[in-house]
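Q: quick one: sequence plus predicted model below, questions after.
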Amino acid sequence: MAKEKKVEQITDMEVDFAQWFTDVCKKAELIDYSSIKGMFIYRPYGYAIWENIQKLMDAEFKKTGAENVYMPMLIPESLLQKEKDHVEGFAPECAWVTMGGSEKLEERYCIRPTSETLFCEHFRNVIQSHRDLPKMYNQWCSVLRWEKTSRPFLRHREFLWQEGHTMHATAEEAKAETEQMLNIYADFCENVLAMPVTRGQKTDKEKFNGAEATYTIECMMHDRKALQAGTSHYFGDGFAKAFDITFTNKENQRAYPHQTSWGVSTRLIGGIIMTHGDNNGLVLPPKIAPVQIIVVPVAQHKEGVLEAANALCDRLKAAGYRAKLDDSDNSLGWKCAQYEMKGVPLRVELGPKDIENGQCCMVRRDNREKVFVALEDVEKEAAVQLQAVHDGLYAKALKNLQDNTYEAHSLEEAKQLQEEHGGFIKTMWCGEEACELKMKEVAGMSSRCMPFMQEHLDDVCPICGKPAKTMIYWGIAY
RNA sequence: CCGGGUGUGGCGAAGUUUGGUAUCGCGCUUGAAUGGGGUUCAAGAGGCCGCUAGUUCGAAUCUAGUCACUCGGACCA
């Protein structure tokens, strides 16, 4: 008898979404808490997801000409202070090293919250001529921000990320880089993680400290809150001037280069959980799942079953799938529930009856649909099924995004829509920060982005009544 | 950082009001049976009761401090 709910340990998301999220993180063995607030342990299964993200994304970066580097983890205070807006933004959440061994340091060192300053110091040394440009660097590392509240994947004090830092001869080139990287992030989210995104620009209030412009991809979670999944910043020559980075151009004139930076973090994993997960646990997009196919033998004590299951698993591995066989003596039901909880996209069951009929049973994680597949077709059919899972996840997430994007024409209406439905509320906007503050005060929403895909909803800003400059998305964000 | 809640074997809890032998379920180990959705039986192992002080003949229980988790708010990727 199949019960609707197979996994009892995970709180239903309708009952308590935050608890559901924490349950999934722990029960799917992604993460563990450490003894320090906000410092999390990435367990093998959770880290493997990050490794897969890294591998695929890193290849995309390299296609654009980016090179990987590694910068120091400590930033001298004097260096951090060179760019005024930047230091004002990050100083409140910096952690400091003040002792070296048993001696107090002359100057304290900040544990990097982000590495713009370090890259700039280095760029100053390695950029002299237009021939040295562009410089396109990326580093995979961890950064530290002394957050007051923390949650697994969504807000860590120490988190893993990549930060790209590039320098270009012209503003146009730098702007193109900013745009290119945002598109790489957006395509990655959609094509690899099956997470539809909204692409747009941040307002001045929400942009990165020290940037001229910040571009973002915003995703919508199951609870209709927004998640900023990646950002790409255009700096102009602000940091170059602050750090005195110059080059000699083709006309033999000294000029300041134009800069960008861009990043995504392990927060993406939080996004995956809250975009695809369900009440039975995690659901992983096939392209980054550490185990894409779990082979479960049925009645494995019976003659020949284990051997056949092993052979089947080996064939899947040989065909390039990340497949695994569970030959433990746990019951079939336990195994089914276990791998559902861990979000394995495809389960292949093989028992005595199947062997007799020359078939196996494939079960999709996203909708539990079963198909019986002739054994000679498993490699081919696995690809079909995995693609179907990916497409199914994307379609469902896209529907969630579309169904929960509303249009408002007054502040009251925006507030009401947020209270009743949540999600993204789109309105026109005059461009004034005062109206953003008003929206926050009245409806509890911050601006998410000014989407590149603009629509004309009204002539005026519904908050202040002044002429509208742009359409903007509002929401409650993680 | 402000306000509420919670810390008891790996997990979930009872016990705390009224101080007096450390409890239960799940999991774990071993053995046996079972096997198409968390199967069953038997025998075992495992706990400085978050931490530090204090009160007391005696503290999981009372007091103070501290750390962590969690929910809401502010802040932030």
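A: Thanks, I have the structure now.
Q: mind listing what the spatially most distant residue from the centre of chain A touches?
A: Distance to the chain centre peaks in chain A at A:Glu303, reaching 46.1 Å (criterion: C-alpha atoms, centre = their mean). Applying C-beta atoms under 8 Å, 6 or more residues apart in numbering to A:Glu303 gives no contacts. Yep, even glycine has a C-beta here, placed from its N, CA and C like the rest.
Q: would you mind listing what in the stretch 251-400 of chain A touches RNA strand B?
A: The stretch 251-400 of chain A comes close to RNA strand B at residues A:265, A:267, A:280, A:298-301, A:329-334, A:336-338, A:340-341, A:347, A:349-354, A:360-361, A:363, A:368, as judged by C-beta under 7 Å from any atom of the strand.
Q: would you mind listing which of these are buried?
A: Buried members of those, scored by 16 or more other C-beta atoms under 10 Å, are A:265, A:267, A:280, A:298, A:300, A:336-338, A:340-341, A:347, A:349-352, A:354, A:360-361, A:363.
Q: quick one: buried residues of stretch A:27-45?
A: Buried, per 16+ other C-beta under 10 Å, within stretch A:27-45: A:27-28, A:30-31, A:38, A:40, A:42, A:45.
Q: among the residues you listed, which are within reach of RNA strand B?
A: A:Gly38.
Q: now, the buried residues of stretch A:27-45 that are in helices?
A: Of these, the ones assigned to helices by DSSP state H are A:27, A:45.
Q: in stretch A:146-163, what's buried?
A: So, applying 16+ other C-beta under 10 Å, buried residues of stretch A:146-163: A:146, A:150-163.
Q: give me the distance from it to the chain's centre.
A: From the chain centre to the centre of stretch A:146-163 is a distance of 12 Å (C-alpha atoms, centre = their mean, to the nearest Å).
Q: mind checking the end-to-end distance for it?
A: Using C-alpha to C-alpha, to the nearest Å, the end-to-end distance of stretch A:146-163 comes out at 19 Å.
Q: any idea of the mean pLDDT for that stretch?
A: The average pLDDT within stretch A:146-163 is 94.
Q: what does stretch A:293-309 give?
A: The average pLDDT within stretch A:293-309 is 93.
Q: what about the residue in the stretch 251-400 of chain A that RNA strand B sits nearest to, is that helix, strand or coil?
A: Closest residue of the stretch 251-400 of chain A to RNA strand B, C-beta to the nearest atom of the strand: A:Gly333 (2.3 Å). Here A:Gly333 is helix, with the state taken from DSSP: H, G, I helix; E, B strand; the rest coil.
Q: neighbours around A:Glu356, how many?
A: A:Glu356 is flanked by 8 other residues according to other C-beta atoms under 10 Å.
Q: before we move on, back to that, ok, so of the buried residues of stretch A:27-45, who is nearest A:Glu419?
A: A:Gly38 (30.5 Å; C-beta to C-beta).
Q: would you list the phi and psi of the closest residue in space to A:Glu413 that isn't next to it in sequence?
A: Spatially, and ignoring its direct neighbours in sequence, A:Glu413 is nearest to A:Pro462 (7.7 Å; C-beta to C-beta, 6 or more residues apart in numbering). In terms of degrees, to the nearest 10, the main-chain angles of A:Pro462 are phi -70, psi -10.
Q: again with A:Arg145
A: Per degrees, to the nearest 10, the backbone of A:Arg145 is at phi -140, psi 130.
Q: test my guess that it contacts A:Glu93.
A: Yes: with contact defined as C-beta atoms under 8 Å, A:Arg145 and A:Glu93 form a contacting pair (4.4 Å).
Q: please enumerate the helices of the stretch 151-300 of chain A.
A: For the stretch 151-300 of chain A, the helices defined by DSSP state H, counting those that start in this stretch occupy A:171-191, A:238-242, A:267-276.
Q: one step back: need the buried residues of stretch A:27-45 in CSV with pLDDT, can you?
A: Shown next, in CSV, are the buried residues of stretch A:27-45 (pLDDT from 0 to 100):
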residue, pLDDT
A:Lys27, 90
A:Ala28, 93
A:Leu30, 94
A:Ile31, 92
A:Gly38, 92
A:Phe40, 93
A:Tyr42, 93
A:Tyr45, 95
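Q: which one of the buried residues of stretch A:27-45 is nearest A:Trp429?
A: Scanning the buried residues of stretch A:27-45 for proximity to A:Trp429, where the rule is C-beta to C-beta, the winner is A:Gly38, at 33.9 Å.
Q: need the contact list for the closest one.
A: Applying C-beta under 8 Å, 6+ apart to A:Gly38 gives the contacts A:147, A:150, A:155-158.
Q: report the contact partners of the spatially closest residue to A:Leu457 that is not a sequence neighbour.
A: Distance criterion C-beta to C-beta, 6+ apart; nearest residue to A:Leu457, sequence neighbours excluded, is A:Met428 at 5.2 Å. A:Met428 makes contact with A:456-462, A:468, A:470-472, according to C-beta under 8 Å, 6+ apart.
Q: A:Met428: what secondary structure?
A: strand.
Q: across the sheet, point out what pairs with it.
A: On the basis of DSSP bridges, A:Met428 is bridged to A:Met471.
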